[in-house]
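Novice: coords please:
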Amino acid sequence: MADHSDKNLFLHDVLTGLAQSLPEIPSKYLYDELGSMLFEAICTTPEYYVTRADLEILDSYLPQIADCIGPQAHIIEFGSGAGIKTSRLLDSLQQPTAYSPIEISAAALEASAVHLQHQFPQLRIEPVQADYTQPIANADLDICRDCRTRVVYFPGSTIGNFTLEQAQHFLLRIREIISRFLPEVNGGLLIGIDLFKPLDVLIPAYADAVGVTAAFNKNLLARINRELGADFDIAQWEHQARFNAEQQRIEMHLCSTSRQTVDVAGHKFEFDRGASIHTENSHKYTLAGFSEMAAKAGLKLQQHWTDSNGWFATCYFVPE
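Specialist: Predicted coordinates:
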C-alpha cells in the first residue's frame with residue numbers, strides 16, 4: 001500500500017498533468033496492482049509482438065547473451081514484472097551471485113522474488129520496491145561485492161516509454177550503477193529496444209481487439225477515483241492509440257466522449273468532447289539512433305540480437 005508521501009506525489013502529478021493545455025499523466029501510474037496484472041495480460045495478446053520477439057531472441061541467442069555477461073554476475077532488473085524472461089536469463093548464466101529486482105508494484109515484486117528464490121535457492125535475491133525512474137540508493141543495490149560483473153537488465157520495450165530527454169538521463173543513471181565498482185567489477189547493460197516497423201503492426205499492438213489495453217488504460221482513471229477521491233465517469237472515456245510521426249512514437253490517450261467536468265480532490269477540470277489525456281508513449285528506434293544516444297551516456301554497443309522479423313532488438317552495452 002502506498003504511504004502518505006506517495007499519495008501526495010500522485011495527487012500532485014495528476015493535478016499538474018491535468019492542468020496542462022494538453023493534459024498528461026505520467027505512465028508510471030498505470031502500474032498499480034491491477035494495472036501490472038493487465039499489462040501481463042497485454043503481453044499475451046496476439047497483437048502485442050514485443051514479448052514474443054523478446055522471448056524469441058532469448059530462445060535463439062541465450063548462450064551468446066550469457067557469454068557476454070560472463071560468470072558470477074549480479075543482475076539488477078528494472079521493472080521485474082512476472083520474471084519469465086529473468087528466469088530464463090538466470091538459468092543460462094554461469095554461477096550468478098545475486099539478483100536485485102526493482103519494481104514499483106509490491107505485489108508483482110513479491111510474487112517474482114518468491115518464484116525465483118524457489119527456482120534458484122542458492123541465489124542471493126534482494127527485492128527493492130522503488131520507482132526505478134528515480135534515483136535509487138546505492139545501499140539498496142550494493143549487495144554483492146564478490147561478483148565479477150554488474151549488469152542492469154531492462155527487457156521489453158520500456159525505454160520507449162520515456163521521452164528522448166528522459167531516456168538520455170536514464171541511460172546516464174544506468175552507467176553510474178554499472179560503473180560503480182570499475183575496474184574490479186565489470187559493468188554491462190542488457191536492454192530491449194523496439195525497432196521501426198509498419199503501422200499496421202504497430203497500432204494494433206497498442207489497441208488489441210479484445211480490449212485488454214483499453215482496460216489497462218482506463219484502470220488509471222479508476223485508480224485516480226479510488227485513491228484521490230475523483231469522480232471520473234469511466235464510461236465517458238475511450239482508449240485510443242495514435243502514431244506521432246514527428247516524435248516517432250505510439251501514444252496512448254484517454255479520450256472524452258462527451259463534454260464533461262471532472263472533480264479531483266476539489267479541483268475541477270473541464271473536458272470537451274474529443275479532448276484527451278495523454279497517458280503513455282512508446283518510442284520506436286533504429287539501432288544506430290539508439291546506439292548514438294547511448295554513446296552520449298558513455299555506453300558502447302558490444303553486441304546485439306534481433307528477432308526473425310527484425311522488429312525488436314536486445315542489446316548489450318558496456319561502459320566506455
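Novice: which helices and strands sit right next to the helix or strand harbouring Thr213?
Specialist: Using DSSP states H and E, the element containing Thr213 is helix 212-228. In terms of contacts (3 or more C-beta pairs under 8 Å, 6 or more residues apart in numbering; DSSP states H and E), helix 212-228 is packed against helix 4-18, helix 33-42, strand 237-244, strand 249-256, strand 276-283. Placement of C-beta: from N, CA and C, glycine included.
Novice: now with 10 Å?
Specialist: Other elements packing on helix 212-228 under the criterion 3 or more C-beta pairs under 10 Å, 6 or more residues apart in numbering; DSSP states H and E are helix 4-18, helix 33-42, strand 237-244, strand 249-256, strand 260-264, strand 276-283.
Novice: In the strand or helix carrying Val50, which residues are buried?
Specialist: According to DSSP H and E, Val50 maps onto helix 49-69. Within helix 49-69, the residues scored as buried using 16 or more other C-beta atoms under 10 Å are 49-58, 61-62, 65-66, 68-69.
Novice: what's the spacing between the helix holding Thr213 and its chain's center?
Specialist: 18 Å (C-alpha atoms, centre = their mean, to the nearest Å).
Novice: what is the mean pLDDT for that helix?
Specialist: Helix 212-228 shows a mean pLDDT of 98.
Novice: Would you mind giving both backbone torsions of Phe181?
Specialist: Phe181 has phi and psi values of phi -120, psi 20 when expressed as degrees, to the nearest 10.
Novice: That one - how many residues pack around it?
Specialist: Applying other C-beta atoms under 10 Å, we find 16 residues neighbouring Phe181.
Novice: what's the closest non-adjacent residue to it?
Specialist: Distance criterion C-beta to C-beta, 6 or more residues apart in numbering; nearest residue to Phe181, sequence neighbours excluded, is Arg150 at 6.4 Å.
Novice: How far off centre is the strand or helix carrying the one you found?
Specialist: Of the helices and strands defined by DSSP H and E, Arg150 is found in strand 149-154. Centroid displacement of strand 149-154 relative to its chain, using C-alpha atoms, centre = their mean, is 15 Å.
Novice: And the next helix or strand past that strand?
Specialist: Following strand 149-154 toward the C-terminus (DSSP H and E): helix 164-178.
Novice: C-alpha coordinates for that following helix, PDB please?
Specialist: The C-alpha coordinates for helix 164-178 follow below in PDB (Å, rounded to 0.1, in the frame of the first residue of the first chain):
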ATOM      1  CA  LEU A 164      14.200  11.200 -25.600                       C
ATOM      2  CA  GLU A 165      15.500  13.500 -22.900                       C
ATOM      3  CA  GLN A 166      14.300  11.200 -20.100                       C
ATOM      4  CA  ALA A 167      15.900   8.200 -21.900                       C
ATOM      5  CA  GLN A 168      19.200  10.100 -22.100                       C
ATOM      6  CA  HIS A 169      19.200  10.800 -18.400                       C
ATOM      7  CA  PHE A 170      18.000   7.300 -17.600                       C
ATOM      8  CA  LEU A 171      21.000   5.800 -19.500                       C
ATOM      9  CA  LEU A 172      23.300   8.100 -17.600                       C
ATOM     10  CA  ARG A 173      22.000   6.800 -14.300                       C
ATOM     11  CA  ILE A 174      22.400   3.200 -15.500                       C
ATOM     12  CA  ARG A 175      26.000   3.900 -16.500                       C
ATOM     13  CA  GLU A 176      26.700   5.200 -13.000                       C
ATOM     14  CA  ILE A 177      25.200   2.000 -11.500                       C
ATOM     15  CA  ILE A 178      27.200  -0.400 -13.600                       C
END
